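Structure, please.
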Amino acid sequence: MTSLGLRVIDLLQKPATYESFQHLCQRFKTRIYLPKFNKAQEVGENQTNIRNQRLSVPRKSCLKTTYVNLLRNLYPLEHVNHEKLYNAYSSLPSPQPLHVQPQHLEQLMDQFVNSGGNFRGRNARFLTDIISDLANCGMKLSIREINNYLYLMNYNQDTDLTIVKGSYHSILDMGEFNMSTFNTFLKIGIDKQDEGFMSQILDDIVSNNFKFDRFTYDMLMRYAGSCGDYERCLVFFEMFLDEGHILDISMINTVITVLLENNQIQEATEIVDLIFKKPEINNTFNILESNFSNSTHERRINAQELTFLDFHKIQTPNELLFKPVPTLSTFQPLIKYFTTAEHFNLSKIFKCLEEMNDLKIAIPQSIYINIFNSLKEQDIKDLQYLKFILNFMMNETNLKFNSPLFDSIIDTFLKHSGYQNKLINGIENQWLTLKQNMRGTPYSRRSEEIEEFSTESINKLLMFYEPRDQQILS
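Numbering: from 1, shown residues only. Take a look at the predicted model:
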């Protein structure tokens, strides 16, 4: 039986080509085994209808000072403080939604529904109270708002599964759901490792005439891979292809993760080598000059890179239909694999970093922290390896130093302080003093001081040694 890695390698080595774009479209029309699905209401259309219903509900007046306080927190000069915003909302007369003007209520919902950052779990509790108030006033939620609420409620994965199942059956009974709703519950079932709940969701997807999308297959393959069910991963992958999905970089990254979890390192690295290509000046599918944004979805990035010439090229005979480009998620699992104690390999780590640099992929702080924490546990006789990474970091234009990153750097140098011991100990003492003095300092000022001190300290370390790239990587 062909393995998952070999199947992907075969597809990448022999990509599909078509005589014309019309020929490609005709290929999908002739697939008689694709079932017919009922057309579901679009999420955007549902959102518009629900908002129009909420706009039509009559509103009541309240004290101007109370309402102005709500507006100050709803439209602040800087970022929104969700706790203060919720307190301002709670200070309104009951029922609160009827005392908020329609346009401000929609903005209020958006602030909590689209909540991000480290306080998602806390903000979900605030959103629960607001949703209860809306229900008491006869105001409904859109499918998008329901899906985002479910995501926020289970962000910290501490919600009781019985409550989740109750919400699932309630939403099914209301009939207000789409494929993303099923995916949200499926992710919760996978996080909770409840195979019974997962099977029920998959059965309901089929019975409601929905079909698996990319995210569904992504979750199922990752779950099967984490369980060591390598053969089932291949089954899901073949289903993914049979339904007409294109093997894009997002699915390739999933395959790489599954392969590494099952110690198929040779196939994973071969896939990366196949899709890695240094950018060329006249390449139509060239990489964007600016670094990739970590918050932007990978498939959206690839779509944005296509120009008119690219679409014209797709219709040209004997041209590749799709050229996947490596992203951050391509190299992250590889670096994680090579930084483990069992598979530690410095040359492979450096290779990943340099390839990411060639592709102008922004390397996040978490990767460097992981590398230094791994180096701290290794028996390193010479600090040249540590200083080589420091030199690489200093050439990163978008990298910002923070406290956890510099902690990992200084801890690693202290562990291997056989060289310039006094210098490293002196930097450590200055760092501890700086952290103590920064207590209570505003975040922006604290970030500037950390950045300035980190840059100065790293330059001191680099002054005593000039890394020889070829010698280290050989």
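
Report the secondary structure element holding Asp411.
Asp411 belongs to helix 403-415 when elements are defined using DSSP states H and E.

Packing partners of the helix or strand following that helix?
Counting by DSSP H and E, the next helix or strand C-terminal to helix 403-415 is helix 421-437. Secondary-structure packing of helix 421-437 (3 or more Cβ pairs under 8 Å, 6 or more residues apart in numbering; DSSP states H and E): helix 403-415, helix 443-463. Where you see a C-beta, it was placed from the backbone N, CA and C, and this is true even at glycine.

who wins for proximity to Arg122 among those?
Nearest to Arg122, of all those, is helix 443-463, at 18.2 Å by Cβ to Cβ.

what comes up buried for the closest one?
Neighbour counts using 16 or more other Cβ atoms under 10 Å place Arg446, Ser447, Ile450, Phe453, Ser454, Ser457, Ile458, Leu461 of helix 443-463 among the buried residues.

In a markdown table, list the helices and strands packed on helix 421-437 along with distance to Glu106 and mean pLDDT.
Converted to a markdown table, the helices and strands packed on helix 421-437 look like this (distance: least, Cβ to Cβ, whole Å; pLDDT from 0 to 100):
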| stretch | distance to Glu106 | mean pLDDT |
| --- | --- | --- |
| helix 403-415 | 38 | 89 |
| helix 443-463 | 30 | 89 |
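
one step back: which of the buried residues of helix 443-463 sits closest to Ser207?
For the buried residues of helix 443-463, the closest approach to Ser207 (Cβ to Cβ) belongs to Ser447, at 52.0 Å.

Tell me how far stretch 445-454 lies from the chain's centre.
Counting by Cα atoms, centre = their mean, to the nearest Å, stretch 445-454 is centred 27 Å from the centre of its parent chain.

coming back round to it: residues contacting the helix holding Asp411, please?
365, 368-369, 372-373, 375-376, 383, 386, 390, 424-425, 427-428, 431, 435, 450, 453-454, 457-458, 461 (Cβ atoms under 8 Å, 6 or more residues apart in numbering).

buried residues in that helix?
Leu405, Phe406, Ser408, Ile409, Ile410, Thr412, Phe413.

repeat for stretch 325-344
For stretch 325-344, burial by neighbour count (16+ other Cβ under 10 Å) applies to 325-339.

now do stretch 210-227
Across stretch 210-227, burial judged by 16+ other Cβ under 10 Å covers 210, 212, 214-225.

Select from those every entry located in helices.
Arg214, Phe215, Thr216, Tyr217, Asp218, Met219, Leu220, Met221, Arg222, Tyr223, Ala224, Gly225 (DSSP state H).

count of neighbours near the nearest residue to the last one once chain neighbours are set aside?
Setting aside the residues directly before and after it, Gly225 is nearest to Val258 in space (Cβ to Cβ, 6 or more residues apart in numbering), at 3.4 Å. Burial measure for Val258: 26 neighbouring residues, criterion other Cβ atoms under 10 Å.

could you dump the helix or strand hosting Val258 to PDB, C-alpha only?
Element membership for Val258 (DSSP H and E) is helix 249-261. Extracted in PDB, the C-alpha atoms of helix 249-261 (Å, rounded to 0.1, in the frame of the first residue of the first chain):
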ATOM      1  CA  ILE A 249       0.100  24.400   0.700                       C
ATOM      2  CA  SER A 250      -2.300  24.200   3.600                       C
ATOM      3  CA  MET A 251      -2.900  20.500   3.000                       C
ATOM      4  CA  ILE A 252       0.800  19.900   2.300                       C
ATOM      5  CA  ASN A 253       1.600  21.400   5.700                       C
ATOM      6  CA  THR A 254      -0.900  19.100   7.300                       C
ATOM      7  CA  VAL A 255       0.700  16.100   5.600                       C
ATOM      8  CA  ILE A 256       4.200  17.200   6.800                       C
ATOM      9  CA  THR A 257       2.900  17.400  10.400                       C
ATOM     10  CA  VAL A 258       1.300  13.900  10.200                       C
ATOM     11  CA  LEU A 259       4.500  12.500   8.700                       C
ATOM     12  CA  LEU A 260       6.700  13.900  11.400                       C
ATOM     13  CA  GLU A 261       4.300  12.700  14.200                       C
END
